[in-house]
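Student: Fold the following, please.
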Amino acid sequence: MKKMKIGVVGAGFMGKAHCVALSNMPKLFTDAPYVPVFKTVCDVVPEIAEDFKERFSFEKACTDYMEVINDPEIDIVCVCTPNDSHAEISIAALKAGKHVICEKPIATKTEDAKAMAKAAEEAAKKGIVSMCGYQYRRVPAIDEAKKIIESGRLGEITNVRAQYLQSWSADPRSPLSWRFVKETAGAGTLGDIFTHALDIAQYLAGNVTDVVSMVKTYIKERPVQEGGVDLLGTVKLGDDAKKQVVDVDDEVSVLCKYDSGAIGSIEATRMAWGRNNYLTVEVHGTKGSLTWNYERLNELEVCYGMEDNDGERGFRKIYTGPANPHGDVTWNIPGMNIGYGELKAIEAYEFAKAVVGGYQPSTSFTAGYQLDRVCDAILESDEKKAWVKVK
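Tutor: This is a model prediction of the structure:
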């Protein structure tokens, strides 16, 4: 089988997710386009890079990402760093002829996202593939939902409601990591998790054209985290810890219009006590509805309202399995279930198919740039207290 050498920049949570996915991809998919070979891992903290190298059997560890970019043996670069360095690393990798998969959001500034999309467009002319890591649209149940919508069984789509609710930063003792700093993250909940809900909504209903929004920050300062590893609220610091002002959002609520004619709402918060990873979408059409919840990601509920008899209407539950999209990864029997690890492996598989096939995946840098433009419109709407068109 073909082999592709991998360079990973950023050895934190997402670096781990990418490496696990890459390792599992050829094991889960019998038609995997290649086997990854881990060449070089880069992290700004030498000890983290070296530890990652040993745990994932990389050939080399470094602290300067240009060592990855300049290595002629490396075919693919995974950009898993904080958001502010996505553009710099990704553009350099594309110009060096590397295929690139970059974590979301694509960039902290729209002009950087635009530059990344342009660099990707130029690289594509030479057969170079780039992809943004919006993995949730690749859940088999979401792909099944897409099939059902396109079949027409729900009729004309009228409304899409999406939510992404978490609680890991609801405690004011949760430390201030880079995710709470605008210079590094670009935004808070808006870029971190809202964009996932937005991506799924747009995948199912078309692009958002107009928004009116409310954007809120509830916890105005947080204790400063020591060290560079993002702990995602898993530790709490004492009252005597040094504090720093939070300059990003905690919660976003949006009403939106789609180019398909549908309307809807999208909201996200990292302040919802009791919610862990509550990513949901509900789609209504003139003939039926469907609903999905990531915390039960192997299930899709569908109501074929116009097909059912009076007194029998209601949601029926589909347990995704081998007969659904990406059935190779679903362990042969519906209900045996997949999780986040398999989902990232699906993402790696779709990227691999694009690399070998020479085409751009659906979550391209252009798609990431479009999501950034919607986020800009959301912030503008909150400032103006009015409806705003997406530029």
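
Student: got a list of what the closest residue to Thr320 other than its chain neighbours touches?
Tutor: Of all residues not flanking Thr320 in the chain, Pro140 sits nearest, at 4.3 Å (C-beta to C-beta, 6 or more residues apart in numbering). Every C-beta, even on glycine, is put in place using the N, C-alpha and C of the backbone. Under the criterion of C-beta atoms under 8 Å, 6 or more residues apart in numbering, the neighbours of Pro140 are Asn298, Thr320, Asn324, Pro325, His326, Gly327, Val329, Thr330, Ile338, Ile346.

Student: so can I have JSON lines of these showing neighbour count and pLDDT?
Tutor: Converted to JSON lines, the contacts of Pro140 look like this (neighbours: other C-beta atoms under 10 Å; pLDDT from 0 to 100):
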{"residue": "Asn298", "neighbour count": "20", "pLDDT": "96"}
{"residue": "Thr320", "neighbour count": "24", "pLDDT": "95"}
{"residue": "Asn324", "neighbour count": "18", "pLDDT": "94"}
{"residue": "Pro325", "neighbour count": "19", "pLDDT": "94"}
{"residue": "His326", "neighbour count": "22", "pLDDT": "92"}
{"residue": "Gly327", "neighbour count": "14", "pLDDT": "89"}
{"residue": "Val329", "neighbour count": "20", "pLDDT": "86"}
{"residue": "Thr330", "neighbour count": "24", "pLDDT": "78"}
{"residue": "Ile338", "neighbour count": "20", "pLDDT": "94"}
{"residue": "Ile346", "neighbour count": "25", "pLDDT": "97"}
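
Student: Inside helices: which ones of those?
Tutor: Ile346 (DSSP state H).

Student: circling back: backbone phi and psi for the residue nearest to Thr320, please?
Tutor: Here is the backbone geometry of Pro140 (degrees, to the nearest 10): phi -50, psi -40.

Student: Same check on Ile157?
Tutor: phi -70, psi 130.

Student: How about it: which residues does it bridge to?
Tutor: On the basis of DSSP bridges, Ile157 is bridged to Gly285.

Student: residues in contact with it?
Tutor: Ile149, Leu204, Ala205, Ser260, Gly261, Ala262, Val283, His284, Gly285.

Student: again with Leu154
Tutor: By C-beta under 8 Å, 6+ apart, the residues touching Leu154 are Ile148, Val283, His284, Gly285, Thr286, Lys287, Gly288, Ser289, Leu290, Tyr304.

Student: swap in Arg270?
Tutor: Gln166, Ser167, Trp168, Ser169, Ala170, Gly188, Thr189, Asp192, Ile193, Asp250, Glu251.

Student: Just give me the residue right at the centre of this protein.
Tutor: Tyr134 (2.9 Å; C-alpha atoms, centre = their mean).

Student: where exactly do the strands run in the stretch 1-150 of the chain?
Tutor: Ranges of strands in the stretch 1-150 of the chain, per DSSP state E, counting those that start in this stretch, are 3-9, 35-42, 60-62, 76-79, 99-102, 130-132.

Student: Distance-wise, check the residue lying closest to Glu251 once chain neighbours are set aside relative to Met4.
Tutor: Closest residue in space to Glu251, ignoring its immediate chain neighbours: Thr269 at 3.9 Å, by C-beta to C-beta, 6+ apart. Per C-beta to C-beta, to the nearest Å, Thr269 is found 39 Å from Met4.

Student: Look at these two and report which has more neighbours.
Tutor: Of the pair Thr269 and Met4, Thr269 is the one with more neighbours under other C-beta atoms under 10 Å, namely 25 against 18.

Student: Next one: that one relative to Leu204, how far apart?
Tutor: Look at Thr269 and Leu204: by C-beta to C-beta, they are 22 Å apart.

Student: Equivalent analysis for Asn277, please.
Tutor: Separation of Asn277 from Leu204 (C-beta to C-beta) stands at 19 Å.

Student: ok, now Val8?
Tutor: Computed as C-beta to C-beta, the Val8 to Leu204 distance reads 31 Å.

Student: domain assignment for the protein?
Tutor: 3-135, 140-296+298-334 (automatic domain parsing).

Student: looking at those domains, which has the lowest confidence?
Tutor: Lowest mean pLDDT within those: domain 140-296+298-334, at a mean of 93.

Student: ok, back up a step: with respect to burial, which of the strands of the stretch 1-150 of the chain scores highest?
Tutor: Greatest average neighbour count among the strands of the stretch 1-150 of the chain goes to strand 130-132 (a mean of 30), per mean count of other C-beta atoms under 10 Å.

Student: partners of it, with directions?
Tutor: strand 99-102 (parallel).

Student: Look up phi and psi at Ile318.
Tutor: Ile318 adopts backbone torsions of phi -110, psi 120, taken as degrees, to the nearest 10.

Student: That one: how many residues sit nearby?
Tutor: Neighbour count of Ile318, defined by other C-beta under 10 Å: 21.

Student: cool, and Gln244?
Tutor: Gln244 has 15 neighbours, counted by other C-beta under 10 Å.

Student: which residues does it bridge with?
Tutor: With DSSP bridges as the criterion, Gln244 is bridged to Arg222.
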